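> build me a structure from this.
(one chain, ligands or ions: 1)
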Amino acid sequence: MGLNVIMMGPPGAGKGTQASRFARERSLLKISTGDILRDAVKEMNPIAVSAKTKMDRGELVDDDTMVAIVRHRLTQPDALCGFVLDGFPRTVFQARALDVIMEDRRNGPLVIIDVSVPEDELVRRLASRRICSNCGTGADPFGRSTTCKKCGGKLVQRVDDDQAVVLERLKVYQHVTKPVLEYYRLRPTFRTVNGAQAPEVVARELDAMIEEAAKASIA
Ligand code: AMP
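Modelled structure (predicted):
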């Protein structure tokens with residue numbers, strides 16, 4: 001039986017870090033729509049042209065493009081045993097489309113995790129977040145290193161972590177993505193974790209929650 005997880009939460013909540021770790025430990029495919037778009041931009045893929053302008057402004061890329069990307073990715077063989085989604089769905093339209101995709105898959109429960117962090121803490125975290133300009137790996141936000149631990153590339157601030165863009169992204173999250181939590185809230189597999197805690201504490205609580213929610217859904 002597969003396991004499918006959606007990691008929800010505002011920008012800076014740590015959902016990407018937790019999604020990567022959980023997927024690695026459970027040998028599940030992690031799908032980050034932000035990473036897919038950033039790779040497409042690097043490769044000058046046609047979908048990237050209009051997406052880049054929106055991403056740089058902190059706006060959302062259109063629903064049809066995002067649903068097509070995720071639908072295509074979920075039909076690849078490495079997605080058959082389950083997935084951890086990071087950054088999707090971000091609108092109620094996308095959540096509805098994912099439900100339709102899941103109906104066809106029938107491979108295990110869909111657990112939805114909301115990583116919750118107060119807004120002032122998010123602004124603080126995003127201002128100091130750095131990623132590798134070469135491989136895209138995130139770095140310890142409060143670390144002193146200027147190079148990537150993985151490949152030695154230069155650590156830089158993401159264009160969309162600039163303060164004005166951060167405020168726009170948080171606004172978009174409040175108005176457009178938060179309603180997705182309401183769309184899922186009454187499901188028996190919806191859980192909230194306090195993302196303001198230390199990453200290892202969040203990880204421990206999250207693992208227990210996902211396990212319990214997945215079991216509850218098949219009991
Ligand atoms: P992220 O790395 O998840 O913060 O995503 C970076 C940017 O990519 C977002 O600010 C959006 O512009 C775009 N993006 C990523 N995922 C989605 C999505 N599911 N729907 C619309 N836009 C997205």
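
> tell me which other helices or strands the host helix or strand of residue 193 touches.
Residue 193 is part of strand 190-194 when elements are defined by DSSP states H and E. Counting contacts by 3 or more Cβ pairs under 8 Å, 6 or more residues apart in numbering; DSSP states H and E, strand 190-194 packs against strand 110-116, helix 199-218. C-beta here means a position set from N, CA and C on the backbone, and glycine is covered the same way.

> so which of the ones you listed comes closest to the ligand?
Closest approach to the ligand among the helices and strands packed on strand 190-194 is made by strand 110-116 (12.5 Å; Cβ to the nearest ligand atom).

> what's the next secondary structure element after the closest one?
Next in line after strand 110-116, if elements are assigned by DSSP H and E, sits helix 119-128.

> pull out the buried positions in that following helix.
Going by neighbour count (16 or more other Cβ atoms under 10 Å), the buried part of helix 119-128 is 122, 125-126.

> packing partners for it?
Where contact means 3+ Cβ pairs under 8 Å, 6+ apart, helix 119-128 is packed against helix 163-172.

> from the chain's centroid, how far away is stretch 11-23?
Distance, stretch centre to chain centre, for stretch 11-23: 7 Å (Cα atoms, centre = their mean, to the nearest Å).

> which outside residues touch it?
Residues from elsewhere that reach stretch 11-23 (Cβ atoms under 8 Å, 6 or more residues apart in numbering): 5, 7-9, 28-30, 32, 34, 83-87, 113, 115-117, 121-123, 125-126, 129, 138, 166, 169-170, 173, 195, 199, 202-203, 206-207, 210.

> if you count neighbours, what's buried in stretch 101-109?
Within stretch 101-109, the residues that count as buried by 16+ other Cβ under 10 Å are 105, 107-109.
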